[in-house]
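please find the sequence and the predicted model below.
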Amino acid sequence: MRTFVGTFVFPETGEVNTGALVVEEGRVVAFEKKAPAKGERVALSGFVVPGLIDAHVHLSFSGGPDPVAEMEAEPKEATLLRAAGYLRAYLKAGVTAVRDLGSRDGMAVGLAYAVEKGLIPGPRVVAAGLVLTPTGGHGHRHGVEVDGPDAVRRAARGEFKRGARALKLMATGGVMTPGVEAGAPMFEEEELRAGAREAEKRGAPSAAHAQGLFGIKAALRAGVKTIEHGAFDRWDEEAFRLFKQKSALLVPTLAAPDGILRGEGVPAFMVEKTKKIAERHRENTLEAWRAGVTIAAGTDAGTPHNPHPNLARELELLAALGVPLEDVLRAATVHAARALGMEGAIGTLEPGAWADLAVLGENPLRTARAYRRVEAVFKAGTPLHPA
Ligand SMILES: [Zn+2]
């Protein structure tokens, strides 16, 4: 038994309480006013929050100006080694879980395995393996091209067979594939439904890359659990209603357009496409929050000038929009845990959860800058930073 004594911030209620978090075999068993007499005691200064979660990363992309070209120019082994380095950096930033939504050869599945087996240090990785996209669709150069519900079903089963724990489907076009219109529909609703169903059967989250409204609604109707980006057209009431009806989450990834527009050397076609959608993207995110849509924090880290880790930036951008700091914290903890299909197991300090903790130098309910000052990190009650 190990007891953590300090000031804890509870995301569900927004309460800040000083006391003792009792941990046994890596999991929280209780929160008490006073530490029990027996067992080891760890005193923490600062503000303790559940380990932070990034619900959308690409571990095989570097976050350089042109990550796809960079990756294609290097051997696969180099990509893998780079990704292992990013995992270490995530821990230092207080991020104890990530969801990878598409990697080179699906290698994030192997990284997830390596972390789980203790071969390399890193946050928990929930990996989607290869993305599924229609022939010639967004992300086709590094995904599986499939057409029709049967083919989607087979490919989804294949990804789960090799160890994926999430499924990524392309509901619309995107910024990073040349010649593909960003908001244009990709998979048909029946195809999305076939994929979402395969994920649901395994208790795994399905995620749709969806920018245009038509694709967003199709994905929601099809039962896809998380909508990634949501950047294009202005949303209507039906879209907000579908989100709530289906208990779906929005993962806006504000850090992605932010990086493309702020940095230099990004391929011109990406900058042009991003310019068209950036403003709408921010407005949609805020309007969705106002309408009661649940927002989970994800960065799309690995895309241009969107480095690993970049969750602090995403949280600053959400706060800058006007999302209250309580909801910013929820986005990176309880809500992101749902996006990973790990509700109750991570992203909370409630009994039964893994004792994944990030100790921040400032109160995150006072300033979003708090996420820049991570002083200590624990995973399942074990100190990982400083090691
Ligand atoms: Zn992405």
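The structure has been received and is ready for your questions.

and what about residue 82, helix, strand or coil?
What DSSP: H, G, I helix; E, B strand; the rest coil gives for residue 82 is helix.

pretty sure it sits against residue 63.
No. The criterion here is Cβ atoms under 8 Å, and residue 82 misses it with residue 63 at 10.1 Å. Yep, even glycine has a C-beta here, placed from its N, CA and C like the rest.

higher neighbour count, these two?
Applying other Cβ atoms under 10 Å to residue 82 and residue 63 shows that residue 63 carries more neighbours, namely 24 against 18.

buried stuff in whichever helix in the chain runs longest?
For the chain, the longest helix by residue count, based on DSSP state H, is helix 268-290. Residues 270-271, 273-274, 277-278, 280-282, 284-286, 288-289 are the ones in helix 268-290 that count as buried (16 or more other Cβ atoms under 10 Å).

and of those, the nearest to residue 248?
When the buried residues of helix 268-290 are compared for distance to residue 248 (Cβ to Cβ), residue 288 wins out at 10.7 Å.

contacts only, for the closest one.
For residue 288, the contacting residues are 230, 235, 240, 243, 250, 252, 295, by Cβ atoms under 8 Å, 6 or more residues apart in numbering.

mind running it again at 6 Å?
residue 250 (Cβ atoms under 6 Å, 6 or more residues apart in numbering).

show me where the chain has helices.
67-72, 76-92, 108-116, 149-161, 189-201, 213-221, 237-245, 255-262, 268-290, 311-321, 325-331, 334-339.

most tightly packed of the ones you listed?
helix 334-339 (a mean of 26; mean count of other Cβ atoms under 10 Å).

give me the helices and strands touching that helix, please.
Identification of packing neighbours for helix 334-339 by 3 or more Cβ pairs under 6 Å, 6 or more residues apart in numbering; DSSP states H and E yields strand 52-57.

helices or strands up against the strand it packs on?
If contacts are counted by 3+ Cβ pairs under 6 Å, 6+ apart, strand 52-57 sits against strand 95-100, helix 334-339.

report the angle between that strand and strand 95-100.
Calculated by axes from the mean of the first three to the mean of the last three Cα atoms, to 10 degrees, strand 52-57 forms an angle of 10 degrees with strand 95-100.

so what's the nearest residue to residue 206 once chain neighbours are set aside scoring on pLDDT?
In this structure, residue 206 finds its nearest non-sequential neighbour in residue 199, 3.8 Å apart by Cβ to Cβ, 6 or more residues apart in numbering. Listed pLDDT for residue 199 reads 98.

got it, and the one 10 residues further on?
The predicted local distance difference test score for residue 209 is 96.

and what of the one 5 residues further on?
Note on residue 214: pLDDT of 94.

surely it is in contact with residue 186?
No. If you go by Cβ atoms under 6 Å, residue 214 and residue 186 don't touch, sitting 10.3 Å apart.

next up, the contacts around the residue nearest in space to the middle of the chain.
Computing the C-alpha centroid of the chain and ranking residues by Cα atoms, centre = their mean puts residue 55 first, at 0.9 Å. By Cβ under 6 Å, 6+ apart, the contact list for residue 55 reads 99, 251, 296, 298, 336, 339.

quick one: residues contacting residue 115.
Per Cβ under 6 Å, 6+ apart, neighbours of residue 115: 122, 125.

look up how far residue 86 lies from it.
Distance from residue 115 to residue 86, counting by Cβ to Cβ, to the nearest Å: 12 Å.

how about residue 152?
Per Cβ to Cβ, residue 152 is found 30 Å from residue 86.

likewise for residue 140?
Applying Cβ to Cβ, one obtains 24 Å for the distance of residue 140 from residue 86.

residue 9 reaches residue 47, doesn't it?
Yes. Using Cβ under 6 Å, residue 9 is in contact with residue 47, at 5.4 Å.

and residue 363, which of the helices of the chain is closest to it?
That would be helix 325-331 among the helices of the chain, by Cβ to Cβ, at 8.9 Å.

packing partners of that closest one?
helix 311-321.

report the angle between the helix it packs on and helix 268-290.
Using the same axes, to 10 degrees: helix 311-321 against helix 268-290 is 60 degrees.

what's helix 311-321 in contact with?
Outside helix 311-321, the residues touching it (Cβ under 6 Å, 6+ apart) are 52, 54, 95, 254-255, 282, 286, 297, 299, 328, 332, 368, 371-372.

in CSV: the residues you listed, plus pLDDT.
Converted to CSV, the contacts of helix 311-321 look like this (pLDDT from 0 to 100):
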residue, pLDDT
52, 98
54, 99
95, 98
254, 97
255, 97
282, 95
286, 97
297, 98
299, 98
328, 98
332, 98
368, 98
371, 98
372, 97
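
using CSV, lay out those together with distance to residue 264.
Listed next are the contacts of helix 311-321 as CSV, based on distance: Cβ to Cβ, whole Å:
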residue, distance to residue 264
52, 29
54, 25
95, 26
254, 20
255, 17
282, 22
286, 28
297, 26
299, 20
328, 29
332, 29
368, 26
371, 26
372, 23
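
out of the residues you listed, which is nearest to residue 34?
Nearest to residue 34 among those, with distances taken as Cβ to Cβ, is residue 52, at 27.8 Å.

ok, the closest one - contacts?
So residue 52 contacts 94-95, 311, 332, 358 (Cβ under 6 Å, 6+ apart).

for it, name its beta-bridge partners.
Beta bridges link residue 52 to residue 95, judged by DSSP bridges.

wait, isn't the residue nearest to residue 206 in contact with residue 166?
No. Using Cβ under 6 Å, residue 199 makes no contact with residue 166, being 7.1 Å away.

show me where pLDDT drops low in the stretch 51-200 of the chain?
For the stretch 51-200 of the chain, applying pLDDT under 70 flags no range at all.

okay, now residue 37: neighbour count?
As a burial measure, residue 37 scores 7 neighbours (other Cβ under 10 Å).

and for residue 118?
By other Cβ under 10 Å, the residues close to residue 118 number 8.

and it, backbone torsions?
phi 80, psi 20 (degrees, to the nearest 10).

for it, what are its contacts?
Listed by Cβ under 6 Å, 6+ apart, residue 118 has no contact partners.
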